[in-house]
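J.: Below: sequence and its predicted model.
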Amino acid sequence: MPINILIADDHKLMREGLRSLLDSQPDMKVIAEAGNGLEAIDATLMHSPDIVIMDINMPGLNGIDATKQLLKFNSNVKVLGLSVHSDQQFVMEMLNSGASGYLLKDCALDELALAIRTIVSGSSYLSPAITGTVLNKYRDNNSGSKIGLMRSLTSREREVLQMIAEGKKTKDIADLLNISIKTVETHRSRMMNKLDIHSIAELTKFALREGLTSLDF
């Protein structure tokens, strides 16, 4: 049986390119696509793929938080993070979310196919270009790092933070998350206290700096 794959990326051209490349492999089949993290969760529940190729920077819900959530619903699915970022914070956040591997978008098809087969077989895969990044993490004391600050936020707080950074209004966030306006305001207040941030502009800068969202969403 082929390896059933779900591609989650907010760029249609990227999804189409990956689909074409992966469908050319004799043991692989792309069964679904998603344009953001929320769609990735829904598509995973609907199609039960063997592996999700997950972009990190996506609007609405980024790949890191989407990975955490979909693995709560389906712990059997594997996730391969795919990103242009080789920075430690992105790699470690993705791996800590439960992903089984991390690959850079400029990789060759052979490496992508190898990563997929390796992960589906039960092992992990890291792009050789970022192996040093992971090793350095264990040499460093991260207690005061940005990664530590991000970990202080709950999953819901991170969702709210991303939407704030994307310019969504409080009412829009409440409607999208199916919570009250007061609850959104509470999450925002708690985030500001945890991060020692005192304005929406600073929150937005923090989210951009941490890769929770990007300027091209």
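T.: Looks like it came in fine. Numbers count the residues shown, from 1 in each chain.

J.: In contact with the residue positioned nearest the centre of the chain, which residues are there?
T.: Geometric centre of the chain, nearest residue: Gly63, 1.6 Å, by CA atoms, centre = their mean. Counting by CB atoms under 8 Å, 6 or more residues apart in numbering, Gly63 makes contact with Ala8, Gly37, Ala40, Met54, Asp55, Ile56, Asn57, Gly81, Ser83, Met94. Heads up, the C-betas are built off the backbone N, CA and C, glycines and all.

J.: and with 10 Å instead?
T.: 8-10, 36-37, 40, 52-57, 79, 81-83, 90, 93-94, 97, 99 (CB atoms under 10 Å, 6 or more residues apart in numbering).

J.: And for Ile5?
T.: 18-19, 22-23, 25, 28-33, 47, 49-53, 80, 116, 120.

J.: Now the buried members of the residues you listed.
T.: 18-19, 22, 25, 28-33, 49-53, 80, 116, 120 (16 or more other CB atoms under 10 Å).

J.: List of residues touching the longest helix belonging to the chain?
T.: In the chain, with assignment by DSSP state H, the single longest helix is helix 181-195. Residues outside helix 181-195 that contact it (CB under 10 Å, 6+ apart): 149-150, 152-154, 156-161, 163-164, 168-177, 179-180, 197-200, 202-203, 206-207.

J.: follow-up on the earlier one: from Asp110, how far off is the residue nearest to the centre of the chain?
T.: 23 Å (CB to CB, to the nearest Å).

J.: what does Ser86 give?
T.: Per CB to CB, Ser86 is found 19 Å from Asp110.

J.: more crowded one of these two?
T.: Ser86 (15 against 8; other CB atoms under 10 Å).

J.: Identify the residue spatially nearest to the more buried one, adjacent ones excluded.
T.: Ile130 (5.0 Å; CB to CB, 6 or more residues apart in numbering).

J.: Need the per-residue pLDDT for that neighbour.
T.: pLDDT recorded at Ile130 is 76.

J.: residues in contact with it?
T.: Under the criterion of CB under 10 Å, 6+ apart, the contact list for Ile130 reads Ser83, His85, Ser86, Asp87, Gln88, Phe90, Val91, Tyr102, Leu103, Leu104.

J.: Tell me which of these fall in strands.
T.: Ser83, Tyr102, Leu103, Leu104 (DSSP state E).

J.: Buried subset of those as a ChimeraX selection?
T.: To isolate the buried members of these in ChimeraX, using 16+ other CB under 10 Å:
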select :83,102,103,104
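
J.: Make a markdown table out of the ones in strands among the contacts of Ile130 and add pLDDT.
T.: Output for the ones in strands among the contacts of Ile130, formatted as a markdown table (pLDDT from 0 to 100):
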| residue | pLDDT |
| --- | --- |
| Ser83 | 90 |
| Tyr102 | 92 |
| Leu103 | 92 |
| Leu104 | 90 |
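
J.: In CSV, list the ones in strands among the contacts of Ile130 along with distance to Lys72.
T.: Conversion of these to CSV gives the following (distance: CB to CB, whole Å):
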residue, distance to Lys72
Ser83, 22
Tyr102, 20
Leu103, 23
Leu104, 27
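
J.: For Ser75, state which of the ones in strands among the contacts of Ile130 is nearest.
T.: Tyr102 (19.2 Å; CB to CB).

J.: what's the closest non-adjacent residue to that closest one?
T.: Spatial nearest neighbour of Tyr102, chain neighbours left out: Gly81 (4.4 Å); criterion: CB to CB, 6+ apart.
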